[in-house]
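J.: compute the structure for the input listed below.
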Amino acid sequence: MGKIIRFNAFQMNTVSHQSPGLWTHPRDNSHRYTDPAHWTELARLLEAGRFDAIFLADVLGVYDVYHSSVDAALRHGVQVPLNDPLALVPLMAGATEHLGFGVTCALTYEHPYTFARRMSTLDHLSGGRIGWNIVTGYLDSAARNLGLERQLSHDERYDLADEYLDVVYKLWEKSWDDDAVVNDKQRGIYADPARVHPINHRGRYYTVPGIHLCEPSPQRTPLLYQAGTSPRGTAFAARHAECTFVSGPSKKVVKRYVDDIRAAADAQGRDASRLLIYAQALIVTAATETEARAKYEEYRRHIDINAALALLSGWTGVDFGAFPLDATIDYIDSEAGRSALASFSAADPDRKWTVREAAEFIGLGGRGPVLVGDPRQVADQLESWMDDTDIDGFNLAFAVAHESMRDVVELVVPELQRRGRYRTDYAEGSLRQKLFGAGPRLHPQHTGRQVRIDTPLQSAA
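T.: Numbers count the residues shown, from 1 in each chain. Predicted structure coming up:
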């Protein structure tokens, strides 16, 4: 028997996420994304299906690379309009007991001092169920609207990210001692000043002299997710990530990413078993194979090529409106998302994708595979992907909200449970404890636990 299969639900606080065009399906209810009940219903559904977490993607810009205009994104609802993902967490946490929440926040555009407080607050309010997907951003439109001419170069964004992580680690892990909060009503002392420490950080990008504003939350540092598979992104994930996401259209591409990430972790002396890797996928299923195939073809009729190319252009920084649909995609180095383009070119040199083929592929479920069949057939495919690529689980996109997730929970999860490949209940404790066991905090050997803060006396010396 292979290892347990894990699921996250890949979502976004918008009308159209990884299947641009599918919001036009008559059964889709993504237009309800502004309704709190839309999210609490989904959270309860996912918890009934024993999902690890709902993973909330985010961007701070618009997809305006395609034809050098935002028009296609607006017309087709390509991740715009878009609301803040963090505001959803208290809603869904209040409706569930165990489901985790992975939120995407681009560190490039938010100061670590204020960000650390926001995440500690969510960790408190969710009872230790918050995770952070660490991203550096990839849209020039975000940089422009935040006062920059353009975003930093790809690798410099990761240089900044390394220091950013050092700052928030110091705030979360070192500023407050475990026994700093005494809550002594008789003496009138809530927190002992001798046990709360300024971090005195002075670096290339940030100066943060003071203390963390929050008392220690259940996990202190949120569970750390990361999704970059470029060489620099892989090195970053090997140092920081506890969970990482990969996206690729074939087992060959995904296996290469997995091998690179695990090798990088080994090179840094990390225990590779403490790095969970989730691959993106879309499941299309029904009670019978015939029904599942019919549903798949029905979904395909709603694929929108222009919407898909607006998405792909934004991901890669390459205007695919300038190429014929039958042109072959070759690797073009860009300062946007290198992984997105490489998954259709350099990651698998034996496969040549045309612009049309790539658009049709990502038009249903994004950059991961689409697994179609009855519950037994889908379970077979999931097991095959797990065993052949050494991933730990799947970040499941949806075609139709909330139909796709309901089909997984009601049809696929019971089949996997019958096979002993899926858990039947949650472990107790924080999100980190549910995934790894042991305590709620970062592993003692994690780089976040190794940071040091200088006392004023040490700084003077």
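
J.: now the phi/psi pair for the nearest residue to Thr328 once chain neighbours are set aside, please.
T.: Of all residues not flanking Thr328 in the chain, Lys352 sits nearest, at 5.1 Å (C-beta to C-beta, 6 or more residues apart in numbering). All C-beta spots, glycine's among them, are computed from the backbone N, C-alpha and C. Per-residue torsions, Lys352: phi -110, psi 110 (degrees, to the nearest 10).

J.: where's Lys352 relative to Asp326, distance?
T.: Distance, Lys352 to Asp326, using C-beta to C-beta, to the nearest Å: 11 Å.

J.: who has more neighbours out of the two?
T.: Set side by side, Lys352 and Asp326 show more neighbours around Lys352, with 12 against 9, by other C-beta atoms under 10 Å.

J.: pLDDT score for the more buried one?
T.: What the model reports as pLDDT for Lys352 is 79.

J.: list the contacts of stretch 282-299.
T.: With C-beta atoms under 8 Å, 6 or more residues apart in numbering as the test, stretch 282-299 has contacts from 18-19, 22, 25, 364-366, 368-375, 377-378, 396-400, 404, 407-408, 411-412.

J.: surely Thr389 is in contact with Ser250?
T.: No: look at Thr389 against Ser250 with C-beta atoms under 8 Å: they stay out of range, at 9.7 Å.

J.: those two: which is more packed in?
T.: Taking neighbours as other C-beta under 10 Å, Thr389 and Ser250 compare with Thr389 leading, 22 against 16.

J.: any idea of the pLDDT on that one?
T.: In this model, Thr389 is scored at 96, pLDDT.

J.: check Leu122 too.
T.: On the pLDDT scale, Leu122 gets 98.

J.: what does the one 5 residues further on give?
T.: At Gly127, the predicted lDDT confidence score is 98.

J.: does it count as helix, strand or coil?
T.: For Gly127, the assignment made with DSSP: H, G, I helix; E, B strand; the rest coil gives coil.

J.: OK, contacts around it?
T.: So Gly127 contacts Ala93, Pro218, Ser430 (C-beta under 8 Å, 6+ apart).

J.: which SSE is Arg262 in?
T.: Using DSSP states H and E, Arg262 falls within helix 251-267.

J.: any chance you could list what contacts that helix?
T.: Residues contacting helix 251-267 (C-beta under 8 Å, 6+ apart): 229, 234-235, 237-238, 244, 246, 248, 271-272, 275, 277, 279, 343, 347-348, 350, 385, 388-391.

J.: give me the pLDDT for His154.
T.: Looking at His154, the pLDDT reads 72.

J.: for Val355, give me its contacts.
T.: By C-beta under 8 Å, 6+ apart, the contact set of Val355 is Leu309, Phe320, Phe323, Pro324, Leu325, Asp326, Ala327, Ile329.

J.: again, only this time at 10 Å
T.: With contact taken as C-beta atoms under 10 Å, 6 or more residues apart in numbering, Val355 is in contact with 305, 308-309, 312, 318, 320-329, 344.

J.: what subset of those residues is buried?
T.: Neighbour counting by 16 or more other C-beta atoms under 10 Å classes Ile305, Ala308, Leu309, Leu312, Val318, Phe320, Gly321, Ile329, Phe344 among those as buried.
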